[in-house]
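Asker: With the sequence up front, the predicted model follows.
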Amino acid sequence: MNKVKPMDYVFANSFIGNYTRFLMTRKDLMRIASARDLETAGQILREFGYGDARELTDGRNIEEYLKKERKDLKEKIFKTVPDPEVFRFDLLPYDYHNVKICLKSELLEKAVDPEKDLIGDGSIPPERLIQLVRDRNSSFLSPQMRKGVSDALDMYNRSRDPQYIDLVLDRACYREMLDAAEETGVEFLTGFVKVRIDAANLGMFLRLRQLGRPWSFFRDVYLEGGNIPFQLLVSAWEEPYARAAERLDPYGFREAMAEGGRILKETGSFSAFEKLRDDAVMKYVRDAKYIPVGPEPVQGYWYAKSKEIDNLRIALTGNFYGFSEASVEERLRETYV
């Protein structure tokens, strides 16, 4: 891949910038949650550029509606940018997710339904991926994914534990994402992947601690390539969450660890931590708004819109089931605007 030239993105920045103006705030999302019904919510969504919302007349089709919007988002980005390969790393988590589902379904002798079980937002169509994995036709997979599949199967055959499929392929996924971002030569994109690696490592850090596991278990699942050193987290293994949070201040995750850890200790729920962790990633992405030209504003919009769709799932589901406004609002992630 050639190094990215920011001026090649003048048109893309202008085009995407028009859509950025329609991103929703938390107040807008709460209008959706408190609308009279889903039909009214669909009318509000049209104010923000969303398409026909006939699926919302039946709450059971909320997921179908959001899936359509996510597909439209990807197509909009890839039709606009001068070199879609720059953003290839954004698709990798979906491809790897689908590979994991295909492998585990095969090993556990369960059929895979590409519509229900797989995510269609990756670079490889789900139906095609099912065939590639089933036939062990790795010639169409990236070298990193090919090795990941081989290593995952080897670990499973030795352990008979499907969990190793997730662990091995997650490591391969983040490694390939980081390599792809670094190839662009864009510091913001590389930093974005590093922050996501940190977020994944902190999630595993808390889960293993909550299970009472020794730090040696963490060594097997820690993802290389992030900003937070392995030794820093090992040093904080026995510390109270508030003290561990102080160590994370330079990396932007202090609040996630302090407040999320406190609530986890009191209630056993990871929800608060996961929300605050996602908010920390969004705070990093918001810096894209201050970069005048280049792939950064495009990446910022793509991530922002993706998280907006995730927030809409919370708001629309809350509306359909009659959740209280307070209950919906506490679940909403930070918005881009």
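Answerer: Thanks, I have the structure now.

Asker: Okay, buried residues for stretch 118-136 please.
Answerer: Using 16 or more other Cβ atoms under 10 Å as the test for burial, stretch 118-136 gives 118, 120, 121, 122, 124, 126, 129, 130, 132, 133. The C-beta positions use only the backbone N, C-alpha and C, and glycine is treated the same way.

Asker: From the residues you listed, pick the one nearest residue 81.
Answerer: Proximity of the buried residues of stretch 118-136 to residue 81 (Cβ to Cβ) peaks at residue 121, which lies at 16.3 Å.

Asker: Could you check how far that closest one is from residue 79?
Answerer: Distance, residue 121 to residue 79, by Cβ to Cβ, to the nearest Å: 15 Å.

Asker: Same check on residue 205?
Answerer: From residue 205 over to residue 79 (counting by Cβ to Cβ), the distance is 39 Å.

Asker: ok, these two, which is more surrounded?
Answerer: residue 205 (23 against 10; other Cβ atoms under 10 Å).

Asker: wait, what's in contact with that one?
Answerer: 218, 233 (Cβ atoms under 8 Å, 6 or more residues apart in numbering).

Asker: which residue ranges form the helices in the stretch 101-250 of the chain?
Answerer: 126-134, 143-159, 163-184, 187-210, 215-221, 230-235, 241-248 (DSSP state H, counting those that start in this stretch).

Asker: Specify the stretch among those that is closest to residue 334.
Answerer: Of these, nearest to residue 334 by Cβ to Cβ is helix 187-210, at 13.3 Å.

Asker: Show me what counts as buried in that closest one.
Answerer: 188-190, 192-209.

Asker: Please state the mean pLDDT value computed over it.
Answerer: For helix 187-210, mean pLDDT rounds to 97.

Asker: For it, output the C-alpha coordinates as CSV.
Answerer: Extracted in CSV, the C-alpha atoms of helix 187-210 (Å, rounded to 0.1, in the frame of the first residue of the first chain):
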residue,chain,number,x,y,z
GLU,A,187,-0.5,8.1,12.9
PHE,A,188,-4.2,8.6,13.9
LEU,A,189,-5.3,5.3,12.3
THR,A,190,-2.5,3.4,14.0
GLY,A,191,-3.3,5.1,17.3
PHE,A,192,-7.0,4.1,16.9
VAL,A,193,-6.1,0.5,16.6
LYS,A,194,-3.8,0.7,19.6
VAL,A,195,-6.6,2.2,21.7
ARG,A,196,-8.9,-0.6,20.7
ILE,A,197,-6.2,-3.2,21.7
ASP,A,198,-5.9,-1.4,25.1
ALA,A,199,-9.7,-1.6,25.5
ALA,A,200,-9.7,-5.3,24.8
ASN,A,201,-6.9,-6.0,27.2
LEU,A,202,-8.5,-4.1,30.0
GLY,A,203,-11.7,-6.0,29.5
MET,A,204,-9.9,-9.3,29.9
PHE,A,205,-7.9,-7.8,32.8
LEU,A,206,-11.1,-7.2,34.8
ARG,A,207,-12.8,-10.4,33.9
LEU,A,208,-9.9,-12.6,35.0
ARG,A,209,-9.5,-10.6,38.2
GLN,A,210,-13.2,-10.9,38.9
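
Asker: how far out from the middle of the chain is that helix?
Answerer: 11 Å (Cα atoms, centre = their mean, to the nearest Å).

Asker: quick one, that helix and helix 241-248 angle?
Answerer: 160 degrees (axes from the mean of the first three to the mean of the last three Cα atoms, to 10 degrees).

Asker: chain center to stretch 104-119, what's the gap?
Answerer: With Cα atoms, centre = their mean, you get 21 Å for stretch 104-119.

Asker: Now do the end-to-end distance for that stretch.
Answerer: Counting by Cα to Cα, to the nearest Å, you get 15 Å between the two ends of stretch 104-119.

Asker: Check what pLDDT residue 115 gets.
Answerer: With respect to pLDDT, residue 115 has a value of 80.

Asker: Quick check: closest non-adjacent residue to it.
Answerer: The shortest distance from residue 115 to any residue other than its chain neighbours is 8.0 Å, reached at residue 126 (Cβ to Cβ, 6 or more residues apart in numbering).

Asker: Verify the contact between the one you found and residue 101 for me.
Answerer: No: using Cβ atoms under 8 Å, residue 126 makes no contact with residue 101, being 9.2 Å away.
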